[in-house]
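let's see this in three dimensions:
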Amino acid sequence: MITGMGSSSDAHDRVPAIVGPPTVPASLCVELLAEREAAMTRAVHVRDEILGEVAHDLRGPLTAIVLVSQVLERSPDAAHARSAAAAILRASRRMDRLIRDLLDVTQLEAGRLSIEVAPERMASIVAEATDVLWPLAHARSIALEGTVSGELPLVLADRRRLFQVLTNIGDNAVKFTSPGGRIQIRAEQIDGMV
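Now for the predicted structure:
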């Protein structure tokens with residue numbers, strides 16, 4: 001506690017000034033601490049969920065890299081080797097995208113996540129998602145087909161985010177489809193919407 005004199009110029013008007021920490025009721029402190037603890041618990045839970053999803057999502061392309069590398073290792077055919085190398089490259093790029101998605105979470109939490117909307121062709125996005133998912137489906141003996149019904153109009157979308165949605169849904173479809181099953185990624189126009 002600090003005591004001193006007020007700032008009045010008249011010596012008779014001077015009163016002692018007391019400076020110290022503000023008094024906060026104990027019940028308010030307990031309430032604020034409980035709120036802070038609850039917020040921290042929620043943040044840890046969200047972080048754990050995100051890390052679990054990222055680990056799951058990274059396992060898919062990593063499995064594809066391993067499987068295709070094993071096929072490449074055994075293949076005497078140069079054309080087959082080039083095809084396998086292309087599959088490895090696709091899976092590696094997918095892992096890079098997943099890591100960037102993880103970094104996006106921090107941007108989202110900071111309120112700085114950007115969406116880059118541009119006219120996009122669904123056919124190329126469906127084809128790319130199908131190419132990335134094919135090694136995983138093939139390894140589980142699941143038929144995977146990407147189709148686009150007719151000539152679709154351009155869609156205004158964030159290509160990366162749309163691809164992310166298709167591959168996340170596709171990963172789950174592969175995970176929950178029995179061997180010998182069939183998965184179709186399809187884009188079509190219904191009532192003017194793609």
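
and the helices in the chain?
For the chain, the helices identified by DSSP state H occupy 26-74, 78-109, 122-139, 159-176, in order along the chain.

can you redo the ones you listed as JSON lines with mean pLDDT and mean neighbour count?
(Glycine included, C-beta is placed from N, CA and C.) Shown next, in JSON lines, are those (pLDDT from 0 to 100; neighbours: other Cβ atoms under 10 Å):
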{"stretch": "helix 26-74", "mean pLDDT": "79", "mean neighbour count": "13"}
{"stretch": "helix 78-109", "mean pLDDT": "76", "mean neighbour count": "15"}
{"stretch": "helix 122-139", "mean pLDDT": "90", "mean neighbour count": "20"}
{"stretch": "helix 159-176", "mean pLDDT": "89", "mean neighbour count": "17"}
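
can I get these in JSON lines with distance to residue 183?
Converted to JSON lines, those look like this (distance: least, Cβ to Cβ, whole Å):
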{"stretch": "helix 26-74", "distance to residue 183": "13"}
{"stretch": "helix 78-109", "distance to residue 183": "17"}
{"stretch": "helix 122-139", "distance to residue 183": "6"}
{"stretch": "helix 159-176", "distance to residue 183": "5"}
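
which one of those helices lies closest to residue 149?
Closest to residue 149 of the helices of the chain, according to Cβ to Cβ: helix 122-139, at 9.7 Å.

so which elements touch that closest one?
With contacts defined as 3 or more Cβ pairs under 8 Å, 6 or more residues apart in numbering; DSSP states H and E, the secondary structure elements packing on helix 122-139 are helix 26-74, helix 78-109, strand 143-148, helix 159-176, strand 182-187.

and the third one, what's buried?
Taking 16 or more other Cβ atoms under 10 Å as the basis for neighbour counts, the residues of strand 143-148 that come out buried are 144, 146, 148.

put the alpha carbons of it into PDB.
Written as PDB, here are the backbone C-alpha positions of strand 143-148 (Å, rounded to 0.1, in the frame of the first residue of the first chain):
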ATOM      1  CA  ALA A 143     -14.200 -49.500 -57.400                       C
ATOM      2  CA  LEU A 144     -13.900 -45.700 -57.600                       C
ATOM      3  CA  GLU A 145     -15.400 -43.600 -60.400                       C
ATOM      4  CA  GLY A 146     -15.500 -39.900 -61.000                       C
ATOM      5  CA  THR A 147     -18.100 -38.600 -63.400                       C
ATOM      6  CA  VAL A 148     -19.500 -35.300 -64.600                       C
END
